[in-house]
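# I'll drop the sequence and a predicted model, then ask my questions.
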Amino acid sequence: ETGVTQTPRHLVMGMTNKKSLKCEQHLGHNAMYWYKQSAKKPLELMFVYSLEERVENNSVPSRFSPECPNSSHLFLHLHTLQPEDSALYLCASSRLTGTPQETQYFGPGTRLLVL
Amino acid sequence: GNSVTQMEGPVTLSEEAFLTINCTYTATGYPSLFWYVQYPGEGLQLLLKATKADDKGSNKGFEATYRKETTSFHLEKGSVQVSDSAVYFCALSGTNAGGTSYGKLTFGQGTILTVHP
């Protein structure tokens, strides 16, 4: 039980669709993250939110749009994606940002396929 | 910048064999080091961590020691089980060039471990 849930677990979408991924953490943490896990590539950090403010945007294309309405919820809005965006999208949370010692707790991920 | 290099897999072992997965890193400052494990169809789970040089992280029979002199954090287990079959990721959390940490984890590419009965 990681305390971080993600929905949906699987998503198939066309390139013209708009969809959203949802992440919720039940750990009382103040920081949340989106990662992308592609086949044969290391996990890539996409976005970091601390106390609902975006503190890092790792050169992610604008077709990915994050939203953090409160410290427990994080969304990733998707529009006009490309087939190469197919991947496992992982959400994580931590107590704080700002110190390297903080442990990040991951959700199970959303497996996205773009046709 | 920061980087993590893991030994290439896949690694295939028989049950009760000794496991070593090598991990070396490049980082400025004083990073923290982590091992995460990903079981099939699941997200990443923290396996163990070490936050300063010579610290040993341990959990579920796995161990890793933070070696600053060799910039390494090798994962070991004395006797693996079939249930240890998973993908193992070495990661570091450090500071950027400006000395700020936003909790960014830099991951290695992952090592697939398969344990046969």
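Yes, it's here. Residues are numbered from 1 along each chain as shown, chains lettered A, B, ... in the order given.
# Give me every residue in chain B lying close to chain A.
B:4, B:30-32, B:34, B:36, B:41-46, B:49, B:51, B:89, B:92-95, B:100-110 (Cβ under 8 Å from any Cβ of the partner chain). For glycine as for every other residue, the C-beta is placed from the backbone atoms N, C-alpha and C.
# if you set the cut-off to 7 Å instead, what comes out?
Proximity of chain B to chain A (Cβ under 7 Å from any Cβ of the partner chain) is limited to residues B:31-32, B:42-46, B:49, B:51, B:93-95, B:101-105, B:107-109.
# Identify the residues contacting the least confident helix or strand in chain A by mean pLDDT?
Ranked by mean pLDDT, DSSP states H and E, the weakest helix or strand in chain A is strand A:53-57, scoring a mean of 77. Contact with strand A:53-57 is made by A:47, A:48, A:49, A:66, A:97, B:102, B:104, as judged by Cβ atoms under 7 Å, 6 or more residues apart in numbering or on different chains.
# want to try CSV for those, with pLDDT, neighbour count and secondary structure as columns?
Output for the contacts of strand A:53-57, formatted as CSV (pLDDT from 0 to 100; neighbours: other Cβ atoms under 10 Å in any protein chain shown; DSSP: H, G, I helix; E, B strand; the rest coil):
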residue, pLDDT, neighbour count, secondary structure
A:47, 92, 22, strand
A:48, 90, 23, strand
A:49, 90, 22, strand
A:66, 94, 20, strand
A:97, 72, 24, coil
B:102, 62, 18, coil
B:104, 79, 22, coil
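# how about those in CSV, adding distance to residue B:69?
Output for the contacts of strand A:53-57, formatted as CSV (distance: Cβ to Cβ, whole Å):
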residue, distance to residue B:69
A:47, 35
A:48, 31
A:49, 37
A:66, 40
A:97, 29
B:102, 28
B:104, 25
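# Which one of these is nearest to residue A:72?
Among the contacts of strand A:53-57, residue A:49 lies closest to residue A:72 (Cβ to Cβ), at 11.2 Å.
# Contact partners for the closest one?
So residue A:49 contacts A:31, A:32, A:55, A:68, A:74 (Cβ under 7 Å, 6+ apart).
# So which of these sits lowest on pLDDT?
Model confidence across these bottoms out at residue A:55, which has 77.
# what's the pLDDT at the spatially most central residue of chain A?
By Cα atoms, centre = their mean, chain A has its centre lying nearest to residue A:34, at 2.7 Å. pLDDT recorded at residue A:34 is 95.
# who's it bridged to?
residue A:47, residue A:91 (DSSP bridges).
# residues in contact with it?
By Cβ under 7 Å, 6+ apart, residue A:34 lies in contact with A:46, A:47, A:66, A:74, A:76, A:89, A:91.
# Up against chain B, what does chain A have?
Proximity of chain A to chain B, by Cβ under 7 Å from any Cβ, involves residues A:2, A:31, A:42-43, A:45, A:48, A:55-56, A:90, A:94, A:97-104, A:106-109.
# Mark which of these are buried, thanks.
The neighbour count (16 or more other Cβ atoms under 10 Å in any protein chain shown) marks A:2, A:31, A:42-43, A:45, A:48, A:55-56, A:90, A:94, A:97, A:100-104, A:106-109 as buried among the residues of chain A next to chain B.
# what's the following helix or strand after the helix or strand bottoming out on mean pLDDT in chain B?
Lowest mean confidence among the helices and strands of chain B (mean pLDDT, DSSP H and E): strand B:105-107, at a mean of 90. Toward the C-terminus, strand B:105-107 is succeeded by strand B:111-116 as the next helix or strand (DSSP states H and E).
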